[in-house]
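Trainee: need a structure here:
(chains A, B and C)
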Amino acid sequence: MSATTLPDAPVATASAPHVTPASAMPDVLPQVAPRGRVLTFIRRHPTIFAGGLLLSLVVFVAVAAPLLGTADPTALAPAKRTREPSALYWFGTDMLGRDIYSRVLYGARVSLIVGFAVALLASVIGMVIGLVSGFVRWADSVIMRVMDGLMSIPPILLAIALMALTRGSVGNVVTAITIAEIPRVSRLVRGVVLSLREQPYVEAAVASGTRVPMIIWRHIVPNTLAPITVQATYICASAMITEAILSFIGAGTPPIIPSWGNIMAEGRALWQVKPYIVFFPAVFLSLTVLAVNLLGDGLRDALDPRMAKRL
Amino acid sequence: MLGYLARRMLATIPVMAIVALFVFSLLYIAPGDPAAIIAGDQATPADVERIRAGLGLDRPFLIRFGEWVWHVLNGDLGVSIFTNLPVTRMIQQRLEPTMSLMVLTLILSIAIAVPMGVLAAWNQGTWIDRVIMVLAVFGFSVPVFVVGYILAYVFALELDWFPVQGYTPLARGFGPWLNNLVLPSVALGGVYIALIARITRATMLEVLGQDYVRTAKAKGVGSRTILFLHALKNAAVPIVTVIGIGVALLIGGAVVTESVFAIPGLGRLVVDAILRRDYPVIQGVVLLFSFVYVLVNLGVDLLYTVFDPRIRY
Amino acid sequence: MKRRELLATGTAAAVGSLAMPRLSAAQGARVLRFVPQANLSSLDAIAGTQYVVRNASLLVWDTLFGVDSNLVPKLQMAEAYEASEDYKTWTIRLRPGLKFHDNEPVLSRDVIASLNRWMVRDTMGQRIKASLDAMEALDDRTVRIRLNKPFPKMLFALGKSNAPVAEIMPERIAKTDPFQLIKEFVGSGPMVFKRDEWVPGSAAVFEKFAGYDPRPEVADWLSGGKRVMFDRIEWLILPDDATKAAALQNGEIDWWENPVPDLVPLLKRNRNVNVDIADPLGNIGSFRINHLHPPFNDPRVRRAVMMALSQEDYMRAVVGDDALWKPLPSYFTPGTPSYSEAGGELLTGPRRYDEAKKLLAEAGYKGEPIVLCVATDVQITKAQGDVTADLLQKIGMKVDYQALDWGTVGARRAKKEPPSQGGWHIFHTWHAGADCINPAPYTAFDAGGDKAWFGWPKSDAVQAGIAAWYDAPDAAAEKAAVADLNKTAMEFVTYIPTGFFLGYQAWRKNVSGVIKAPFPVFWGVQKT
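Mentor: Numbers count the residues shown, from 1 in each chain, chains lettered A, B, ... in the order given. Below is the predicted model of the structure:
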């Protein structure tokens, strides 16, 4: 199930043969491909291509921000506050006279860092917890009860409460959102582990006295990579939105750091009179999240059509 | 069945206990001080210290936690530090708006999303399918407050069809109640519609792809409608699951939506309470949210048996 | 007909008799819908000093005396008073027939209990308490206060609008520990607080008190006849400024206490909305410094910041609109009788960044991080914090910007530990101009070290100046004392004023009688 399934794209059906994710990996990460192969890739995975392209663009903008005609995104000029977009200030200026174009471009860094860091951390930690839970029987029930408990608290509330605990910084935002996302990953991994444990080849490995870490490394980890990669893209997208919401409520990154959420939070009172303050970061945020979601959809289709059912 | 229900109910107890402990200790170590807020900006440091002691906030963690748990078990969530009102009463006041918002959003989302998903599945691969699916990804990607402001601007300020803010209790009539809730529900529903539309389309495709349906289709048995109703019934299990998962999403979104549209609901209550460190209120509401979440998911599991007779507990 | 109205009428017809009788009243001219500056979470203006709490309490409770718009205390609950020539004995007689909302009469013992509770918390009250020999009931309506030192400012103390306000409560409520919030809201003021309709964070409702007997004089701030023309006053707490603006434009609310200046042009364009200055006494922005720890324990460092600080930057960031602010080379409220700019030269003229850097080096500042605590959930403090971060960097200081919420800043600023161990160097706030007219209600001005406000400035010279003001027998002597004080405090840099700014208020055109005051004045307001 993808956003833009072409007529000839494989359709996920119950009768479709089980594709082991590992075998699908080469499709997603092609070797340096000649032109024809690139075109084939685009045709077969249009969503990965569209999402990837859009995301690369945002990454480029974030990295190259200093070269794209920006000014210091934190430089105040209260005398030039709330200017409309113009040749001088492409996206206008905010309530403290800072250049919104520069802030939006630099803001891409914050959103990307938060999105990627949360995706990575939540995946790694969630994976470890899921593996422990799946293999250490006595710990399983305790860990899963804790995860159930964490999961039953709405993620945004959990993040707000965690932010109240610490002071606003990008690192703390990442930590707060990560903690809220871990349960989902660990449940996913645990599910995979439990199903794989019953597989004959794993049981054979256990019977032949292979040590557990070896089994995990050889048989379990490779099989969890595909679902986790897909899950990670969704976590990335949701982390970016959560960061924006936290900043919007005033519990996010410190206001002197230009993040899209912060720019919108500052402009929110003025959306009737100065809509551009909210508009530009909103468009950038939406497009970036869209890119990540498209990538996630595409990866899921490519890596494991069966997963399409589970969402 | 009853045994299963009992076991599931029992299993929620440790979960709730963990939530309680977690939330309590989290707020205990949080650096904010409600006494400083009560005292106001003019108060001297010594005054603040006296107020702290008066609130009993200077006593040890375990004693306070023990007391709180004992009271909760007795159905008493304590008294707000700021308003001196019982937390249960403050929750009661806020329950109706939030429940109204969530129920209406749920109904609205299902009413819009399921036909969308079905339509997309039936027209799989055509432009209709693609437009619907692109819309769905957009639903995921645009933050709820942005949608809220756009809706408020267009439909409340420019067109003047709906009020900008507020909530009218159902007791004052269905019309006014609905009138206040339409915009917030649509704003909040965006993500939810996207989620349900996607899962509906996916499961419909799966069911439609199954041999017996294909055969039926090929033979021209039954009208399209009957075929679809049949397929939809089989697709109900995953759809219901997603609705269960989405309740947490909905609660999170309600926090923001209630702020944008000034709805006096639980989401705003808890955010205000967190910012002011009104510990009893935060603990009470979070406990309630977790309880609702656990309960809804229990309900979802039970619904499985209704939609899919093969599942037995 | 607009669709919204259509829907409303349609329902009214449909539900008909089901609709509560209050509904029709709620839509009439007898109900005022008011949006206050902040969430009302309590009504105790003695235990807490938040402005919003004080404003609400003024509806519910009454005072013995009340200041008018010239800050002169007038008789209010008091029918008459008598002061001995040496200002040591004060006798106050209550008006006959005063009643609390539970219809019990207001008696001398209620007054004594209320003043006893108030005295503990109020700075002027504490001075009274320190020299109090006795406070006794001569009969049910007469109270005598006997002091062992002269206290000429008694009437102002009992009638001032600055929190804590000397409000008269029933004895049983007034016996509450002054550091704990009262649990019952019964007063003798013009409005009854509807506790059963109170939804904290959303709505607070006041209903007209039938037993209230307004004084015959014309109302003026806290003095005169407080005639409320509404059956109900509803305080609606809307969480979002954009929503408030939209609601006022649509007529869903009648009066907004503090519209964001940037939205005012929009409101002014609306034919149905009036906009005006809210409080002529305005506000003073504050750059609060911790005097206990290096580098700010050195007056040279405090002066270095002061000579580089541009009030223009702060004020533009805080209010934007140039009509709303002015530079303030003073600690006191401009336009008030004692105002003085003596010694404020360091804050005027071109900013001296190089000189500031030199002074910092001289004082031995070596780049240790400056802990700046900013309440990012309050626009005025956040805007100031952002400007300060920029300013400190300009003069070569390293900034550790701590983004916190107001609740956390409130807790953090009370810590005396070194900034590197959880303490702080700088935080921002603002003071209502009404609190800065003279040293009496001006907690933030005190420089008594440990006993002073957060930052714990310690200057014997400033303290001596304050004592001199209290002893000043007349207005001219008071003015001289204030000029002296301003000079001393500027030299010492108790804190740095970041400018003087006004706020707007906005209301629907069908509401009349809204006046300028340091608090919303509901008596005399009408709606058609």
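Trainee: Would you map out the domains in chain B?
Mentor: B:2-73, B:94-307 (automatic domain parsing).
Trainee: just chain C next, same as before
Mentor: Taken from automatic domain parsing, chain C resolves into C:2-42+C:186-279+C:504-527, C:65-174, C:283-501.
Trainee: did I read that right, residue C:402 in a strand?
Mentor: Yes. Assessed by DSSP: H, G, I helix; E, B strand; the rest coil, residue C:402 belongs to a strand.
Trainee: bridging residues for it?
Mentor: residue C:373 (DSSP bridges).
Trainee: re the thing from before, ok, and which of the domains of chain C has the densest surroundings?
Mentor: domain C:283-501 (a mean of 20; mean count of other CB atoms under 10 Å in any protein chain shown). Every C-beta, even on glycine, is put in place using the N, C-alpha and C of the backbone.
Trainee: For chain A, identify the residue most remote from the centre.
Mentor: Most distant from the centre of chain A: residue A:208, at 39.8 Å, with distances by CA atoms, centre = their mean.
Trainee: Got the phi and psi for that residue?
Mentor: Backbone torsions for residue A:208, taken as degrees, to the nearest 10, come to phi -80, psi 10.
Trainee: for the chain, which spans come out with low pLDDT?
Mentor: No chain specified, so I'll use chain A. A:1-35, A:167, A:304-311 (pLDDT under 70).
Trainee: actually chain B
Mentor: By pLDDT under 70, the low-scoring segments of chain B are B:1, B:30-32, B:40-42, B:210-228, B:305, B:307-313.
Trainee: where exactly do the helices run in it?
Mentor: For chain B, the helices defined by DSSP state H cover B:2-29, B:34-39, B:45-55, B:61-73, B:87-122, B:127-141, B:144-151, B:174-208, B:211-219, B:224-260, B:266-276, B:279-307.
Trainee: export those to TSV and tack on mean neighbour count and distance to chain C?
Mentor: Listed next are those as TSV, based on neighbours: other CB atoms under 10 Å in any protein chain shown; distance: least, CB to the nearest CB, whole Å:
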stretch	mean neighbour count	distance to chain C
helix B:2-29	15	12
helix B:34-39	26	3
helix B:45-55	19	4
helix B:61-73	13	17
helix B:87-122	20	5
helix B:127-141	19	22
helix B:144-151	23	7
helix B:174-208	24	3
helix B:211-219	12	44
helix B:224-260	20	5
helix B:266-276	26	5
helix B:279-307	20	9
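Trainee: Looking at the stretch 1-150 of chain A, which residue is nearest chain C?
Mentor: residue A:78 (3.3 Å; CB to the nearest CB).
Trainee: Return the residues in contact with that residue.
Mentor: Listed by CB atoms under 8 Å, 6 or more residues apart in numbering or on different chains, the contact partners of residue A:78 are A:96-97, C:312-317, C:387.
Trainee: Identify, from those, the entry nearest to residue C:257.
Mentor: Distance to residue C:257 across these (CB to CB) is lowest for residue C:315, with 20.6 Å.
Trainee: from memory the closest one sits against residue C:501, does it?
Mentor: Yes. Proximity of residue C:315 to residue C:501 meets the contact threshold set by CB atoms under 8 Å, at 5.7 Å.
Trainee: which strands and helices sit next to the longest helix along chain A?
Mentor: Determined from DSSP H, the single longest helix within chain A is helix A:100-135. With contacts taken as 3 or more CB pairs under 8 Å, 6 or more residues apart in numbering or on different chains; DSSP states H and E, helix A:100-135 sits against helix A:46-63, helix A:137-152, helix A:170-197, helix A:221-249, helix A:260-267, helix A:275-303.
Trainee: tell me how far that helix is from the chain's mean position?
Mentor: On the basis of CA atoms, centre = their mean, to the nearest Å, helix A:100-135 sits 6 Å off its chain's mean C-alpha point.
Trainee: One more: stretch A:194-212?
Mentor: With CA atoms, centre = their mean, you get 33 Å for stretch A:194-212.
Trainee: For residue B:296, which of the domains of chain C is the nearest?
Mentor: It's domain C:2-42+C:186-279+C:504-527; of the domains of chain C, that one is closest to residue B:296 (CB to CB) at 25.4 Å.
Trainee: and that closest one, what's its mean pLDDT?
Mentor: Across domain C:2-42+C:186-279+C:504-527, pLDDT averages out at 83.
Trainee: And for stretch C:327-345?
Mentor: pLDDT averaged over stretch C:327-345 gives 93.
Trainee: now what about it, what contacts it?
Mentor: C:71, C:280-282, C:284, C:311-312, C:315, C:326, C:346-348, C:433-434, C:436-438, C:442, C:445, C:475, C:478-479, C:481-491, C:494, C:497, C:499-500.
Trainee: go again using 7 Å as the cut-off
Mentor: For stretch C:327-345, the surrounding residues in contact (CB atoms under 7 Å, 6 or more residues apart in numbering or on different chains) are C:280-281, C:284, C:311-312, C:347-348, C:433, C:436-438, C:445, C:475, C:478-479, C:482-483, C:486-487, C:489-491, C:497, C:499-500.
Trainee: Give me the subset of the residues you listed that lies in strands.
Mentor: C:284, C:497, C:499-500 (DSSP state E).
Trainee: returning to that earlier point: give me the nearest residue to the residue of the stretch 1-150 of chain A closest to chain C, chain neighbours excluded.
Mentor: residue C:316 (3.3 Å; CB to CB, 6 or more residues apart in numbering or on different chains).
Trainee: Quickly note the distance from the residue lying closest to residue A:82 once chain neighbours are set aside to residue C:263.
Mentor: Distances taken as CB to CB, 6+ apart place residue A:274 nearest to residue A:82, at 5.5 Å, with adjacent residues excluded. Using CB to CB, to the nearest Å, residue A:274 is found at 10 Å from residue C:263.
Trainee: Same question for residue B:294.
Mentor: 43 Å.
Trainee: Repeat that for residue A:76.
Mentor: Counting by CB to CB - residue A:76 and residue C:263 are separated by 21 Å.
Trainee: Report all helices and strands that the top helix by length along chain C contacts.
Mentor: In chain C, with assignment by DSSP H, the single longest helix is helix C:475-492. In terms of contacts (3 or more CB pairs under 7 Å, 6 or more residues apart in numbering or on different chains; DSSP states H and E), helix C:475-492 is packed against helix C:460-471.
Trainee: can you list the residues that contact the helix it packs on?
Mentor: Taking CB under 7 Å, 6+ apart as the rule, helix C:460-471 contacts C:438-439, C:447-448, C:478, C:481-482, C:484-485, C:488-489, C:492, C:494.
Trainee: again, 10 Å this time
Mentor: Residues outside helix C:460-471 that contact it (CB atoms under 10 Å, 6 or more residues apart in numbering or on different chains) are C:124, C:127, C:150-153, C:338, C:438-440, C:442, C:445-449, C:451-452, C:457, C:459, C:477-489, C:491-492, C:494.
Trainee: what's the neighbour count on residue A:40?
Mentor: 12 (other CB atoms under 10 Å in any protein chain shown).
Trainee: again with the one 5 residues further on
Mentor: Summarising burial for residue A:45: neighbours were counted as other CB under 10 Å, giving 23.
Trainee: Was I right to think it contacts residue A:39?
Mentor: No. Applying CB atoms under 10 Å, one finds residue A:45 not in contact with residue A:39, separated by 11.5 Å.
Trainee: Good, we can wrap up now.
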